[in-house]
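> need coordinates for the following:
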Amino acid sequence: MKRTLNLYALTWRLPIIFWQLLFFVGPLLFMVAISFFVVKNYRMTEAFELVNWQKMLSRNYFWDSYWYTLFIAALSASVAMLLAFPAAYALAFRASEGLRRWAIFLLIIPFFTSYLVRTFAWYVILAESGVLNAMLGYIGLGPFRMLNTSFGTIVGYLTLTLPLVVILQTVSMANIDRTLVEAARNLGCRPLATIWRVVLPLSKTGLIVAALFCFILSFGDFVAPFYLGGSQEPTLPILILDTTKSGQQWPRAAVVAIVMMLTLFVTAFAAIALAYRKGSGAR
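Numbers count the residues shown, from 1 in each chain. Here you go, the predicted structure:
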């Protein structure tokens with residue numbers, strides 16, 4: 001009976017296993033293999049040499065791009081979490097069930113359109129003669145340079161991630177037992193203290209997962225730093241593009257991609273371990 005149940009479970013798991021092997025593990029192994037190839041006369045040649053790893057990991061521009069990408073992705077995740085929390089808290093604890101459903105639906109609508117189109121729309125808003133500078137001009141401020149800066153990159157990242165972060169935070173906090181929040185208030189806990197001692201610990205898993213999604217999407221995004229950031233400080237995705245254009249150096253671009261994936265794997269495992277670590281709970 002036990003053997004039959006195992007075979008039955010394996011049968012239902014086979015499609016996802018096959019999918020992961022075909023579209024994730026296979027391409028990943030191929031990319032790792034390519035990183036050891038060499039380029040001669042603009043053509044890749046099968047080999048097993050460490051020259052691509054040595055050249056990329058010994059270059060200052062690679063590490064400059066790496067630390068800048070890590071920093072701006074972490075900054076984007078922090079800003080998104082801070083901006084999303086008040087809205088998510090209001091939807092979770094102040095809004096009715098019907099209003100919350102409509103709000104989540106409206107937050108999903110931006111994903112119906114192309115991210116590239118939404119990014120280009122910011123040109124009209126962030127340009128020196130754009131909408132935002134025109135509004136600031138009425139109060140005697142500006143014009144400010146917002147395009148082709150790190151600020152523009154952050155705006156692009158938030159365009160991609162902020163609705164998702166609000167949704168994840170809302171769902172996480174909406175599942176908190178209301179009696180615990182009410183008990184804290186009845187015991188004299190002030191609103192900010194209730195959030196710090198009750199709401200945040202009980203929604204820790206969802207909040208960390210939301211921050212992780214934001215970091216991953218920002219870390220690997222090419223559109224925002226290229227079109228809104230102007231590639232002034234190239235991120236790793238832009239470095240991949242520049243590397244492939246420089247003598248068809250796909251093996252060196254594969255090195256950059258592998259370093260990115262390793263960074264994301266380490267970050268994801270650390271975040272998940274933190275999210276599901278058992279603590280003392282609300283106090």
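> which regions of the stretch 151-283 of the chain sit below the pLDDT cut-off?
279-283 (pLDDT under 70).
> what segments of it are strands?
Assigned by DSSP state E, counting those that start in this stretch, the strands in the stretch 151-283 of the chain number zero.
> in it, which spans are helices?
Under the criterion DSSP state H, counting those that start in this stretch, the stretch 151-283 of the chain carries helices at the ranges 178-186, 191-194, 200-202, 204-219, 223, 236-245, 250-275.
> in JSON lines, list those helices along with mean neighbour count and distance to L91.
From N, CA and C alone the C-beta is placed, and that goes for glycine too. Below are those laid out as JSON lines (neighbours: other C-beta atoms under 10 Å; distance: least, C-beta to C-beta, whole Å):
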{"stretch": "helix 178-186", "mean neighbour count": "13", "distance to L91": "14"}
{"stretch": "helix 191-194", "mean neighbour count": "13", "distance to L91": "16"}
{"stretch": "helix 200-202", "mean neighbour count": "16", "distance to L91": "16"}
{"stretch": "helix 204-219", "mean neighbour count": "21", "distance to L91": "13"}
{"stretch": "helix 223", "mean neighbour count": "20", "distance to L91": "28"}
{"stretch": "helix 236-245", "mean neighbour count": "18", "distance to L91": "33"}
{"stretch": "helix 250-275", "mean neighbour count": "17", "distance to L91": "21"}
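> adding distance to L22, write those out as JSON lines.
Output for the helices of the stretch 151-283 of the chain, formatted as JSON lines (distance: least, C-beta to C-beta, whole Å):
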{"stretch": "helix 178-186", "distance to L22": "45"}
{"stretch": "helix 191-194", "distance to L22": "49"}
{"stretch": "helix 200-202", "distance to L22": "40"}
{"stretch": "helix 204-219", "distance to L22": "22"}
{"stretch": "helix 223", "distance to L22": "27"}
{"stretch": "helix 236-245", "distance to L22": "23"}
{"stretch": "helix 250-275", "distance to L22": "18"}
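> among the ones you listed, which comes closest to Y157?
With C-beta to C-beta as the measure, helix 204-219 is the member of the helices of the stretch 151-283 of the chain nearest Y157 (4.4 Å).
> so which elements touch that closest one?
Helices and strands touching helix 204-219, by 3 or more C-beta pairs under 8 Å, 6 or more residues apart in numbering; DSSP states H and E, are helix 60-89, helix 150-174, helix 250-275.
> okay if I get the ones you listed as a markdown table plus distance to S35?
Formatted as a markdown table, those follow (distance: least, C-beta to C-beta, whole Å):
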| stretch | distance to S35 |
| --- | --- |
| helix 60-89 | 14 |
| helix 150-174 | 27 |
| helix 250-275 | 4 |
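> of the ones you listed, give the one that comes closest to V131.
helix 150-174 (13.0 Å).
> in the closest one, which residues are buried?
150, 152-174 (16 or more other C-beta atoms under 10 Å).
> one more: stretch 114-129?
By neighbour count on 16+ other C-beta under 10 Å, the buried set for stretch 114-129 is Y115, T119, W122, L126, A127.
> ok, stretch 26-35 next?
Here stretch 26-35 shows M31, I34, S35 as buried, counting by 16+ other C-beta under 10 Å.
> correct me, but the first one touches M260?
Okay, so that is M31. No: judged on C-beta atoms under 8 Å, M31 makes no contact with M260 at a distance of 10.9 Å.
> just checking, next helix/strand downstream of the one helix or strand N6 maps to?
Per DSSP states H and E, N6 falls inside helix 2-20. Next helix or strand after helix 2-20 toward the C-terminus (DSSP H and E): helix 26-34.
> now tell me what touches whichever helix or strand comes after that next one from outside.
With elements assigned by DSSP H and E, the helix or strand that comes after helix 26-34 is strand 38-40. Contact partners of strand 38-40, identified using C-beta atoms under 8 Å, 6 or more residues apart in numbering, comprise M44, T45, A47, E49, V51, N52, G247, Q248, Q249, W250, P251.
> can you select the buried ones among those residues for me in PyMOL?
Buried members of those can be picked out in PyMOL with the line below, counting by 16+ other C-beta under 10 Å:
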select buried, resi 52+249+250+251
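> no more questions from me, cheers.
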